[in-house]
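Peer 1: need the 3D shape of this:
(one chain, ligands or ions: 1)
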Amino acid sequence: MIDEFWTITSTLLEYLKQNLPEGKTILELGSGKGTEELVKNWKVYSIEHDSKWVGVVPQTNYIHAPLTPHKALKRHEGTLWYDRRVLTEQIVKSNLQYDLILVDGPCPPGSRAGFFKYIDYFNTNVPLIFDDINRAKDWILLLSIQNKLGKTITVPHDSHGKAFGVLS
Ligand SMILES: C[S@@+](CC[C@H](N)C(=O)[O-])C[C@H]1O[C@@H](n2cnc3c(N)ncnc32)[C@H](O)[C@@H]1O
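Peer 2: You can find the predicted model right below:
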């Protein structure tokens, strides 16, 4: 199910279909009903903080990483992000392989600023998609990461009052 308030849009799904071959692997931050569409075409690892949303889509490889306070994050950005110990074990030490990252979480009270702060945990030699960049905080996150990685930004025309950006 897509095109709901919480999910990826059909435009984002179509963009993926055009740009990521079937069978490749997506690392999704923030799971939901939209994940159900992703698993139809790709292998999906989904980092999810909320146990309520873990296990909802059976074909998904869930990485359950509860939100924890991070001193490295500034108060105005929000200091809650995924538990670093879980990410260290399941992404860094396990040398998790993926072909694209979709940043669509965490949701409040979590802060996506953690993705910028802990960018070294991830392989950024793959395309990065940021959902919800119609929101100022998420647009700033995209610009900060673009500035750090020196990648090119593309903003495909989106629908349903939402926008996503791609760094490639
Ligand atoms: C923007 S949602 C992620 C959506 C997901 N990528 C999708 O396409 O369905 C961010 C977070 O909100 C929570 N969430 C997902 N779907 C939700 C819903 N329908 N209602 C409330 N919270 C939801 C989950 O904890 C998720 O990590």
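
Peer 1: close to the ligand: what parts of this protein are there?
Peer 2: Contact residues (CB under 6 Å from any ligand atom) of the chain with the ligand: 6-8, 28, 30-35, 48-50, 53, 104-107. To be clear about C-beta, it is placed using only N, CA and C from the backbone, and glycine gets the same treatment.

Peer 1: same thing but 5 Å
Peer 2: Where the chain comes near the ligand, counting by CB under 5 Å from any ligand atom, the residues are 6-8, 30, 32-34, 50, 53, 104-105, 107.

Peer 1: now the strands for the chain?
Peer 2: Assigned by DSSP state E, the chain shows strands spanning 25-29, 43-48, 61-64, 67-69, 80-82, 100-103, 128-131, 153-154, 164-167.

Peer 1: one step back: which of the residues of the chain next to the ligand are buried?
Peer 2: 7-8, 30, 32, 34, 50, 53, 104-105, 107 (16 or more other CB atoms under 10 Å).

Peer 1: as JSON lines, those with distance to residue 156 and pLDDT would be great.
Peer 2: Formatted as JSON lines, these follow (distance: CB to CB, whole Å; pLDDT from 0 to 100):
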{"residue": "7", "distance to residue 156": "17", "pLDDT": "95"}
{"residue": "8", "distance to residue 156": "12", "pLDDT": "96"}
{"residue": "30", "distance to residue 156": "19", "pLDDT": "98"}
{"residue": "32", "distance to residue 156": "20", "pLDDT": "98"}
{"residue": "34", "distance to residue 156": "16", "pLDDT": "97"}
{"residue": "50", "distance to residue 156": "28", "pLDDT": "98"}
{"residue": "53", "distance to residue 156": "26", "pLDDT": "98"}
{"residue": "104", "distance to residue 156": "15", "pLDDT": "98"}
{"residue": "105", "distance to residue 156": "20", "pLDDT": "98"}
{"residue": "107", "distance to residue 156": "23", "pLDDT": "96"}
